[in-house]
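J.: Okay, structure incoming, though there's no sequence with it:
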């Protein structure tokens, strides 16, 4: 266990420089009981490196303690490098199926009894439905600008790398993609998953979306430092989108550099995989690559930090803001809202289009005198809206069950699939405190504190003009 959760049994660490692990010699085995700090301390945003905690000693090896007596000893010597991977032989938690529907759990681990398909990167089955079925930006440059009448911009990763290194990866995510774990050993793997070398069959793009921030409409936001490599279909018919976070500038970067640092990348990798192990719907993380280049970050004092890129995996990164941006632009883009909703239902809620009358449900709009009930069978958008609301409510309840606080609960950070996405200034309660917020910019008003998560989610659902337009 790490803080409130256990990590996936298939995480692998490789080529981690002890420049970031300044610990004395230590040994960890199945009988070890190393005292460790609360998870919120480990993942505090301002901490120079989230694994490091000097009193008492703490390291990645502490994450890899096993409850089984067969777990081999893990040894790390300060001042040296270790290149062989270490295995986290932690048994997966039972019953972690996530949401009830297959489209919502975003990565139920494959049944070990099934015969596994192991493909090379070149043999993966790409199917770029988002680009194929939705309107795109005619321009392909990364110059920051307002992108209109489009759901995405085709743009390639532009991050600079210098001897990039694979730091950590998840074999359970590789199994979802039916990717052979041996592919992680390829010399060119860090180049491919830093974006420096294009993936054969990929079609990179950045998504356009808007959002409310601190209660105010912020207009166009979009993927400012995330670039989707493309969509894969596995043999089970599951669709998986691969996305690099920290891959360089896009038209949605505004004044930012489009890069990410090791500190925040490790936070996202660890927490997304841990949340999955808890049975909480979430995006996943395939791997984390260090770019070999430093990135300047100023959190009080300008500082050079190691650059890094996380490969995030999800069935879709569609957010509430993906529809809001087009609804906000009036009649000219209203058709895009409908086209995008149709795409979402067709690819991620197919059961709604096939709903039988016996499965129908009617509801009456709250607070609207004289309004007639809506038959969800005859209005697929109404049925979709109800399911989005149910998934969102279930997600928030599961967050609160483990003390998770997102920190930036805006419409650009809320998934329509009911997944936890965009791990930024998140945190976990160390003790029950409804006013707790992990977001330091939120401290005066505590808008995004633990207690307000259900209220914020309700507000996003209740005040979604793009859904009302479709319902009518």
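T.: Now that the structure is in, tell me what you want to look at. Remember, it's a predicted structure, so these values are computed and weren't measured experimentally.

J.: list the contacts for the nearest residue to residue 219 once chain neighbours are set aside?
T.: Spatial nearest neighbour of residue 219, excluding adjacent residues (Cβ to Cβ, 6 or more residues apart in numbering): residue 210 at 5.8 Å. (Glycine included, C-beta is placed from N, CA and C.) For residue 210, the contacting residues are 217-222, 321, 324-325, 328, 411-412, by Cβ atoms under 8 Å, 6 or more residues apart in numbering.

J.: By neighbours, which of the residues you listed wins?
T.: Neighbour tally across the contacts of residue 210 (other Cβ atoms under 10 Å): the maximum, 29 neighbours, falls on residue 325.

J.: quick one, phi/psi of it?
T.: Here is the backbone geometry of residue 325 (degrees, to the nearest 10): phi -60, psi -40.

J.: Do you know the pLDDT at it?
T.: On the pLDDT scale, residue 325 is placed at 94.

J.: Can you give me the distance of the residue nearest to residue 219 to residue 216?
T.: Note on residue 210: its distance to residue 216, by Cβ to Cβ, to the nearest Å, is 12 Å.

J.: Domain parsing of the chain, as residue ranges.
T.: For the chain, the structural domains run 1-91, 121-321, 352-471, going by automatic domain parsing.

J.: Is it correct that residue 424 is in contact with residue 410?
T.: No - no contact is recorded between residue 424 and residue 410 when judged using Cβ atoms under 8 Å, the distance being 10.3 Å.

J.: Compare these two and say which is more crowded by neighbours.
T.: For the pair residue 424 and residue 410, the greater number of neighbours falls to residue 410 (24 against 14), based on other Cβ under 10 Å.

J.: my read: the more buried one touches residue 211, true?
T.: Yes - when contacts are counted by Cβ under 8 Å, residue 410 is listed as touching residue 211 (5.0 Å).

J.: what's the overlap in contacts for those two?
T.: Listed as contacting both residue 410 and residue 211 by Cβ under 8 Å, 6+ apart are residue 321.

J.: For the stretch 51-200 of the chain, just list every one of the helices.
T.: With DSSP state H, counting those that start in this stretch applied, the stretch 51-200 of the chain shows helices at 60-63, 129-133, 171-177, 189-192, listed in chain order.

J.: Let me know which of those helices is the nearest to residue 342.
T.: Residue 342 lies closest to helix 129-133 among those, at 8.8 Å (Cβ to Cβ).

J.: And for that closest one, what's in contact with it?
T.: By Cβ under 8 Å, 6+ apart, the residues outside helix 129-133 that reach it are 151-152, 154, 203, 205, 207, 228, 231, 239, 241, 316, 343, 347.

J.: One more pass at 7 Å, please.
T.: Contact partners of helix 129-133, identified using Cβ atoms under 7 Å, 6 or more residues apart in numbering, comprise 152, 203, 205, 231, 343, 347.

J.: ditto for stretch 177-185
T.: Applying Cβ under 7 Å, 6+ apart, the contact partners of stretch 177-185 are 117-121, 124, 166, 169, 171, 174, 189, 232, 234-235, 240.

J.: Then stretch 436-451?
T.: So stretch 436-451 is contacted by 214, 405-409, 425-427, 429, 433-435 (Cβ under 7 Å, 6+ apart).

J.: If you count residues, where's the longest strand of the chain?
T.: If you go by DSSP state E, the chain has its longest strand at strand 284-298.

J.: need the next SSE after it, C-terminal direction.
T.: If you walk from strand 284-298 toward the C-terminus, the next helix or strand you reach (DSSP states H and E) is strand 302-314.

J.: buried residues in that following strand?
T.: Across strand 302-314, burial judged by 16 or more other Cβ atoms under 10 Å covers 305-314.

J.: distance of the nearest residue to residue 328 once chain neighbours are set aside from residue 270?
T.: Leaving aside its chain neighbours, residue 328 sits nearest to residue 210 (6.0 Å; criterion: Cβ to Cβ, 6+ apart). If you measure residue 210 against residue 270 using Cβ to Cβ, the figure is 29 Å.
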